[in-house]
Structures are given as structure tokens and as C-alpha cells.
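Participant: Next one to model:
(2 chains)
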Amino acid sequence: MTQGGSEAPGGAAGIYRELMSGSFTVLAHTADTAIEVSADSLAELFEWAAVGMFSLMYDLDSLAPAHQVDVVVAASDVAELLVDLLAELLYVSEANDLVPCTFHVEALTPVEARIRVGATPMEAAALEGPPIKAVTYHDLSVTELPDGRWSARVVFDV
Amino acid sequence: MPYGLGMELKRTSDVTWEILPTGGMRVPGRVFASEPLLVKAREDRAVQQVANVAHLPGIVEASMAMPDIHWGYGFPIGGVAATDIAAGGVVSPGGVGFDICCGVRLLASSYTVEDFEARRNEIMAELDARIPRGLGKGAIASRGLVTDVLTKGARAVLDAGYGWEDDLERCEERGTSPGADPKAISQKALDRGGGQLGSLGAGNHFLEIQLVDRIEDATAAEVFGLATGMVVVMIHCGSRGLGHQTCTDQLRLMGAAMGRHGISVPDRQLACVPVRSAEGEEYLGAMAAAANFAWANRHVLAHEARGAFATAFGTKRERTGMRLVFDVAHNLAKLEHHDVAGRRRELCVHRKGATRAFGPGHPDLPEDLRPVGQPVLIPGSMGTASWVLAGTGANPAFDSAAHGAGRLMSRKAAKRQESGQEVRRGLEAEGISVRPGSVKLLSEEAPYAYKDVDEVVDVCHRAGLATKVARLVPIGVVKG
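Facilitator: Coordinates of the predicted model:
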């Protein structure tokens, strides 16, 4: 999958300001950074959220995966599952000096996810933004829209 | 006074604003700010976050915010909350943050600006080569020290040959947080951050060479070892990936535990459990171990900064005069005794982007600092000023003060204004050498992205949070 494509989700509401279009939107937050993601299915939502997170740090389009990592996470609900997946990807990245750049959901329920990650060595990737320290639960949402599409909002500590 | 977002604030003094308790708030909110700083804070959700923190079980007196308040996640940045342990008071990892024990260390020196100018390029080149920064870019100290570091903090790296014995006296907690439980640090945290001991990271972390621009309190400055025209080194960083992963692990556990303790909070990021519970004690043990990594991290970086100056001047570290002025944390929860409603109580004091500020005579301060109080270090943004203040005897916020200028502009907005190269050129034109790990990232940390640190410090002074001692201006910046 690549960046771009579908429209930025509507409802980047209230005091957030929309700054970038795509299947994920980067939202302005005074100290930290947030993304809003929308997709046709829950699986794509998870993939786009991962793309959105690593795009805050790297130009993913310029990276080619050289390694494959399988990530499995489980949680008590779908919002927590998304946080756990993104947190696990940060761990995989920093512990192994890898930059995950492609994401494919292999299996997904609202409480368990298995993702196949393509990654490139960190030394081959230039930082485009400050490293993300963590994925927060603040203002977190994962929502199924009336038209069957999905949207999510995640705030990162940078 | 009806500033946006429908949250009513009552002005109670020149620099204090009260949020009256509504709904589930157990205490009022209290913001220490001038009118211009408050107006800025009301442009986002920071003030709402002060009100949210007031819901924490056991919170006493008020949910407070320092003058550098800005929108965080869960707690506002600049948030201070104390809970009464005996009354079921809670500890909340969100009140500490992911960068456990992030803090600031300041080194004095025997050099003047003329000495610096004579060796500017050599010093900057040495620092550039010696200070690991960015993401996954190595470390000064070996991973093998980490087990010892988790228990002993700065003492462990001192014993391994980094730094000087008297450094510990000038360090909050003497560089070792008590009650550390290394078993509560996960293998993941060790995998992620174990190899980062002695590294800056990126974002707003930095190592700066600064000049003492002005002394406001000669007595305190002399005790701290500062004089006008002195070159000093300020280091701002924390517990790196090890701390970030530890908070991630603990938040996950705490989310599940909260239900067992019958606690609900308005923001999942405020997850908390009683201090006196198995989960509370585990968190505090893990937090202290990660804090020990942070004390040690800054200690090792300071050793390397001394090495850079020594090499540039062709001398030994011991002859640089680079004594530690102080090392202070601004992301910690600590068990401290304070008077509340006329009674001495054991409190869990959360400082999320707030600096501990013990006043004169405090028994935990080393003897030489006791007459004047603890040095409080408040870094500004690159290109502006930083400050040294002193703790006061009658601090109204559980011995806490501000921790920085506080962001004004989102990272994206800052990036739009100028490129990293433009920011660098601007700084160099003002006589500030810049050695960035990534030029691109400089734009997000540009001076205009932050509030006016002089205004923040002025409010600290007027509110009695801490008093002005010395103003510092940057002449060299090393960033991630």
C-alpha cells in the first residue's frame, strides 16, 4: 500500500486543525502529534494507522522492505488493540534498529491482530520528524461509521 | 473570566486562577499564570486537563498547573497533583509521562566567553563526535552497566568511572531513586533502551553551551557556583526507550487494574491505582528503576561534555572546573511529606513537566545549598534564554515550579514557518553554533514555537514558586 488515495476524513473537529490529506491526516497538537485515519475496513484502518505513525518519522515511500517481521497482539477491546499494535511496532522498530514500512493484516478480530511487517534497517532511513516515544490513550477513538467505513484517532507522545 | 471552551476560571490573584469544582472534580483546579499565558493555555485543552486531573481519588488541595502549562495527554504539561496516600490516594503513570525522570543537568566551568571563542570550533566538533543523538544511534556507556544502573542510578556509572564523586551531592535524590524494582522493568524495555545509556535522543532534548548573561540573586548564585560571563553546559534528556517502554507496559497493566479498584477517570490516559496496592507499588518500583536510568544517562553525558571541553582545551577533565550545579527531574511521582490543611501528610506528588523546588532549610538538600534553597533549572528554547531559580520557603504548589518555556505552536505549524536550514542560519547569525543530528528536525524546535521563557520565569517568581537567580543565553547547541 502507498500513501494518498482516499479523501481525508471529515470531522477533524474542534480545535484540531487539518494539515495534510490522505488516508491518514496529521492533526496539530501543541506538544504532541495526532493522526486521524479512515479506511474501508477495520483491517485497512489498522494498516493505515501504522503507515500514519511511521510517516510522522520517515518518508515511507522512499523505503524498501528488506526484512519481514510478524507481530501478534491481543487486547480487551478494539481501541486498546490499536494502541497495543502501534506500541508493539514502536518496540519492534527501536529494539531491532528497523523501520517498518509496509503493513499487511493477516488476521484480525476486535481483540486480536496478526500483522506482517516489512522493514528496512534504520541506518538506511533518514528521520523526517521527531521520534515517537509512545502511543497514548488520550482522545483515542476507533469508530465504525454508519456507511460501514472505519475511522480512528490516535495521539502520540513525541 | 470567560476565555473559550466554556470552562469558567476565577482570578484569585495577580498570577493565580481557580477552576471551581464541577461534576466529579474532587478539588478545584489552580493555574499559575499571567493573563497572556492563560489566554494561550485556553486556546487548547490544557485547562480542561487540569479539571480532569482533579477527578483523581485522594487528590488534595487542588489540581495545579505551572506557568508553562500546555496541552498534554491525560495530565497537562506543567501539571502538579498530590494525593493523600493514607486516604487511598492514587499514583497515575500519566502524571509522570512516558519519558520517566526526564530532567535537566547544569554544569559550571572555569571558562569565559573569550575562552570559548578561542576554541569554539574544536568544542563543537568534539561534542558533535561524542554525543550520540537521534533514534537508535548508539550510546556512550555499555549495555552491561544497565542492570546495576536500574538499582543504583548515577552511583552505578560513577563506580564504573564516569563523573566525579561530589556530583551526587548536587543531584536530586543524589542520583538514585529509592525503591527501584529492576524486576518490574520488562525484557522489552531492556531490548528497546538498554543500549541507549549515554545518549540524548531527539525532539526537544539538547545539550547546550550557554553563557551566564545576568545574575539576579548574587548570594544564591555564589552558592550555586555561578558568575556573570561564565560558560556553562545544560543537558536536557531522560530515560530514553527504556523509560518509554516501561510507561507503555505499566499503563497497559493499570488500565485493567483500575476496574478491580473501582476507579473511573475522565481520560483513559489518567489510569491510576492506589499507591498502597500491588499494582501501585509495582509501578513505583518500575518508575524508580527507569528514573535511575535517566539519572545515570545525564551523568554519563555530562562526563562526555567534560571530555569534549578537556580535549578542546588540551587539558584534563578535572581542570575544566565543570562542577555540577544541579540535576533535577521534571517528570516524576514522588512520596513526600507536606502540610495540608494544617496537618503533615504523606503525599504522592506527581510532577508532569514540573520541577521539584525545595526551599531553604529543606532537610533533603545538601548542607551547602540549605541556606538558599534548591537550584531550579528552567530551559528555554534554542536561541532564547534559560534560567536558574531557587526554591522558596513558602511554595504554594507542593514545592514545584515550571520546567521550560512551554510549547506555543504545534510541530507541524512550526515546520511550515521556516525550514531547518533557515532556523540554523538564523541561530548561527546570532552567534549560536548548531550541531543537529538532523537539520530537518530543527524547524520543529525553532525559538518561535515556544512561549517566552522570561514571562514563564517571571510568573514563577511573582507566584512564589521559585525566585530568579541567573539568566543564561545559548552560544552552542547540540540536538538530536
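Participant: residues making contact with stretch B:143-160?
Facilitator: Outside of stretch B:143-160, the residues within contact range by C-beta atoms under 8 Å, 6 or more residues apart in numbering or on different chains are B:141, B:163-165, B:167-168, B:171, B:173-177, B:180, B:182, B:185, B:190, B:194-195, B:197, B:242, B:289-293, B:295-296, B:298-300, B:303, B:327. Yep, even glycine has a C-beta here, placed from its N, CA and C like the rest.
Participant: buried set for stretch A:36-44?
Facilitator: A:36-39, A:42-44 (16 or more other C-beta atoms under 10 Å in any protein chain shown).
Participant: before we move on, back to that, quick one: buried ones out of the contacts of stretch B:143-160?
Facilitator: Buried by 16+ other C-beta under 10 Å: B:141, B:163-164, B:167-168, B:171, B:173-177, B:180, B:182, B:185, B:190, B:194-195, B:197, B:242, B:289-293, B:295-296, B:298-300, B:303, B:327, out of those.
Participant: Among those residues, which are located in strands?
Facilitator: Counting by DSSP state E, the buried ones among the contacts of stretch B:143-160 place B:Asp327 in strands.
Participant: For B:Met287, give me its contacts.
Facilitator: B:Met287 touches B:93, B:96, B:100-101, B:177, B:246, B:250, B:332-333, counting by C-beta under 8 Å, 6+ apart.
Participant: Check B:Leu190 too.
Facilitator: Each residue near B:Leu190 by C-beta under 8 Å, 6+ apart is listed here: B:146, B:242.
Participant: what's the answer for B:Ala446, then?
Facilitator: So B:Ala446 contacts B:381-383, B:414, B:417-418, B:423 (C-beta under 8 Å, 6+ apart).
Participant: can you pull the contacts of B:His261?
Facilitator: B:273-274, B:277.
Participant: near chain B, which residues of chain A show up?
Facilitator: Residues of chain A lying close to chain B by C-beta under 8 Å from any C-beta of the partner chain are A:15, A:17, A:19-20, A:26, A:28-33, A:57, A:76, A:80, A:84, A:87, A:90-91, A:94-95, A:97, A:122, A:126-131, A:133-140, A:155, A:157-158.
Participant: Just the buried ones out of those residues, please.
Facilitator: Using 16+ other C-beta under 10 Å, the buried members of these are A:19, A:26, A:28-33, A:57, A:80, A:84, A:87, A:90-91, A:94-95, A:122, A:127-131, A:133-140, A:155, A:157-158.
Participant: Tell me which stretches of the stretch 251-400 of chain B form helices.
Facilitator: Secondary structure of the stretch 251-400 of chain B (DSSP state H, counting those that start in this stretch): helices at B:278-312.
Participant: Strands of that one, residue ranges please.
Facilitator: For the stretch 251-400 of chain B, the strands defined by DSSP state E, counting those that start in this stretch occupy B:273-274, B:324-329, B:331-340, B:343-352, B:355-356, B:375-378, B:386-391, B:400-401.
Participant: Quick check: which ranges of the chain have low pLDDT?
Facilitator: Just so you know, I chose chain A. A:1-22, A:29-31 (pLDDT under 70).
Participant: was after chain B, sorry
Facilitator: Low-confidence regions of chain B, defined by pLDDT under 70, span residues B:1-6, B:136-137.
Participant: Mind naming the longest strand for it?
Facilitator: strand B:466-479.
Participant: Neighbouring strands of that one in the sheet, and parallel or not?
Facilitator: strand B:206-215 (antiparallel), strand B:386-391 (antiparallel), strand B:433-436 (parallel) (DSSP bridges).
Participant: Buried by neighbour count: which residues of the second one qualify?
Facilitator: The neighbour-count check on strand B:386-391 (16+ other C-beta under 10 Å) flags B:386-391 as buried.
Participant: Can you give the contact residues for that strand?
Facilitator: Counting by C-beta under 8 Å, 6+ apart, B:106, B:208, B:210, B:217, B:220-221, B:224, B:226, B:234, B:325, B:357-360, B:362, B:372-380, B:399, B:401, B:453, B:457, B:460-461, B:466-474 sit against strand B:386-391.
Participant: Within range of chain A, give me the residues from the stretch 51-200 of chain B.
Facilitator: Checking the stretch 51-200 of chain B against chain A by C-beta under 8 Å from any C-beta, the hits are B:70-74, B:77, B:97-99, B:134-136, B:188, B:191-193.
Participant: Alpha carbons only: can I get the longest strand of chain B in CSV?
Facilitator: Coordinates of the C-alpha atoms in strand B:466-479 are reproduced here as CSV (Å, rounded to 0.1, in the frame of the first residue of the first chain):
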residue,chain,number,x,y,z
ALA,B,466,10.8,29.9,42.8
THR,B,467,12.9,33.0,42.7
LYS,B,468,15.2,34.3,39.9
VAL,B,469,19.0,33.6,40.3
ALA,B,470,20.6,33.7,36.9
ARG,B,471,19.7,34.1,33.2
LEU,B,472,21.6,32.0,30.7
VAL,B,473,21.9,32.5,26.9
PRO,B,474,22.9,29.9,24.4
ILE,B,475,26.2,30.0,22.4
GLY,B,476,26.3,26.4,21.2
VAL,B,477,23.5,23.8,20.6
VAL,B,478,23.8,20.0,20.1
LYS,B,479,20.4,18.5,19.2
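Participant: picking up where we left off before, ok, of the contacts of B:Ala446, which one's closest to chain A?
Facilitator: Of all the contacts of B:Ala446, chain A sits closest to B:Ala414, with 9.9 Å by C-beta to the nearest C-beta.
Participant: The closest one: neighbouring residues, count only.
Facilitator: Residues lying near B:Ala414 (other C-beta atoms under 10 Å in any protein chain shown) number 22.
Participant: cool, B:Ala310 as well?
Facilitator: B:Ala310 has 17 neighbours, counted by other C-beta under 10 Å.
Participant: Excluding sequence neighbours, find me the nearest residue to it.
Facilitator: Of all residues not flanking B:Ala310 in the chain, B:Arg317 sits nearest, at 4.7 Å (C-beta to C-beta, 6 or more residues apart in numbering or on different chains).
Participant: number of nearby residues for residue 121?
Facilitator: Reading this off chain A. 14.
Participant: was after chain B, sorry
Facilitator: B:Asn121, neighbours per other C-beta under 10 Å, totals 11.
Participant: Quick check: A:Asp32 touching A:Val158?
Facilitator: Yes. Counting by C-beta atoms under 8 Å, A:Asp32 touches A:Val158, with 5.5 Å between them.
Participant: Which secondary structure element is home to residue 38?
Facilitator: Looking at chain A here, since you left the chain open. Element membership for A:Ser38 (DSSP states H and E) is strand A:33-39.
Participant: you looked at the wrong chain, it should be chain B
Facilitator: helix B:35-41.
Participant: Which element is encountered next along the chain beyond that helix?
Facilitator: Taking DSSP H and E, what comes next after helix B:35-41 is helix B:46-53.
Participant: Convert that following helix to CSV, retaining C-alpha atoms only.
Facilitator: The C-alpha trace of helix B:46-53 is given here as CSV (Å, rounded to 0.1, in the frame of the first residue of the first chain):
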residue,chain,number,x,y,z
ALA,B,46,-4.8,22.3,28.7
VAL,B,47,-7.2,23.9,31.2
GLN,B,48,-9.8,21.1,30.7
GLN,B,49,-6.9,18.6,31.5
VAL,B,50,-6.3,20.5,34.8
ALA,B,51,-10.0,19.9,35.6
ASN,B,52,-9.8,16.2,34.6
VAL,B,53,-6.8,15.6,36.9
